[in-house]
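> Sequence isn't available, so here's the structure alone:
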């Protein structure tokens, strides 16, 4: 068995017996054509963990995704293996439909998933409940959690239940600008509106997760005060380490944790480090900061990228995703290896990889 086969067998078997005899053999190249090595311990941890990327896209090539959604059989076994080789079990491929009619755009987006997921039950598990998270791992399939990076498509509070019925389970309240619900990160000072409070209440009632990743600080705090259930930051970083409006101040991070929520760390260089090229160590610093501030049980992964971040035209990693020392397609393994080097225990890392978001989503959705 070569290392490529070892990795795939380990991931698909959930790091079972085939992995155990090799645990003490040190470090491995994940693929033969790569120089980067990760520890056997990291490979084993990823293989046995439920790994959730709370802003993870299957592909940034929208033509390919539309093809899969219109003709599910065009999603090949190689496509499936590529997703599984990333180490991620559950993807939250949320988008911001930048169109005038947000309601119609979101209906089209969900309709696409509602063709692909039932069209390929051999490859995908729809994440509609807490039980589905574990099922995706147990069945060695790719879990898809449908969400949006804006809530403009909610014309009235009644639309929350409508989209819940269509399959949506997470909704970011705002994107970067102000909307009817509140202020985005570039609308400093704008808070949650009365309509926004109505939407949050309805999301709580229906069990749809409230996401404040792109919200202004004021809207974040207002939403946290309004919500009766845990609030998520699916993909952001720490403003104390990167002074960008998209990053969250410590006050917001503390409030999210106090309510039982979790913050996913992104690998977007602009949100990782200001003033120089971001490195893997810089990304790990954001995990460390949240862990020190509120505990490792309140931090997770929200990469804000697809599995390899490759431009389909140049076949190179897109510049906006380049982090020195980290290959996007292997980020889960390299981050796990980095957390081990920094002294995190297995249980803490299992939580960071997905257990923490699993706990928070179960608190929002219930156990059924």
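Nice, I can see it. Keep in mind that this is a model prediction, so the values were computed, not measured. Residues are numbered from 1 along each chain as shown.
> would residue 210 count as being in a helix?
No. Counting by DSSP: H, G, I helix; E, B strand; the rest coil, one finds residue 210 to be strand, located in no helix.
> And the helices in the stretch 51-200 of the chain?
Along the stretch 51-200 of the chain, the stretches classed as helices by DSSP state H, counting those that start in this stretch are 62-70, 77-85, 102-119, 130-138, 158-166, 194-206.
> what does the stretch 251-368 of the chain give?
Under the criterion DSSP H, counting those that start in this stretch, helices of the stretch 251-368 of the chain are mapped to 269-272, 280-294, 331-341, 346-350, 356-365.
> how far off helix 331-341 does the second one point, in degrees?
Meaning helix 280-294. With axes from the mean of the first three to the mean of the last three CA atoms, to 10 degrees applied, the angle from helix 280-294 to helix 331-341 works out at 60 degrees.
> residues of helix 280-294 that come out buried?
For helix 280-294, a neighbour-count test (16 or more other CB atoms under 10 Å) marks 280-291, 293-294 as buried. To be clear about C-beta, it is placed using only N, CA and C from the backbone, and glycine gets the same treatment.
> What average pLDDT does that helix get?
Throughout helix 280-294, pLDDT has a mean value of 98.
> what helices or strands is it leaning on?
If contacts are counted by 3 or more CB pairs under 8 Å, 6 or more residues apart in numbering; DSSP states H and E, helix 280-294 sits against helix 250-258, strand 263-265, helix 269-272, strand 299-301, helix 331-341.
> Out of those, which gets nearest to residue 230?
Distances from residue 230 to each of the helices and strands packed on helix 280-294 were compared using CB to CB; the shortest belongs to helix 250-258, at 8.0 Å.
> Among the helices of the stretch 51-200 of the chain, which comes closest to residue 308?
When the helices of the stretch 51-200 of the chain are compared for distance to residue 308 using CB to CB, the nearest one is helix 77-85, at 7.7 Å.
> Can you give me the buried ones in that closest one?
Using 16+ other CB under 10 Å as the test for burial, helix 77-85 gives 79-80, 83-85.
> on contacts alone, who are the packing partners of that helix?
Counting by 3+ CB pairs under 8 Å, 6+ apart, helix 77-85 packs on helix 3-12, strand 142-144.
> got a list of contacts for the last one?
Yep, that's strand 142-144 we're talking about. Under the contact criterion CB atoms under 8 Å, 6 or more residues apart in numbering, strand 142-144 has outside partners 52, 58, 80, 83-84, 88-91, 93, 113, 117, 123-127, 132-133, 135-137.
> Any of those buried? List them.
Of the contacts of strand 142-144, these count as buried by 16+ other CB under 10 Å: 52, 58, 80, 83-84, 88-91, 93, 113, 117, 123-127, 132-133, 136-137.
> Good, we can wrap up now.
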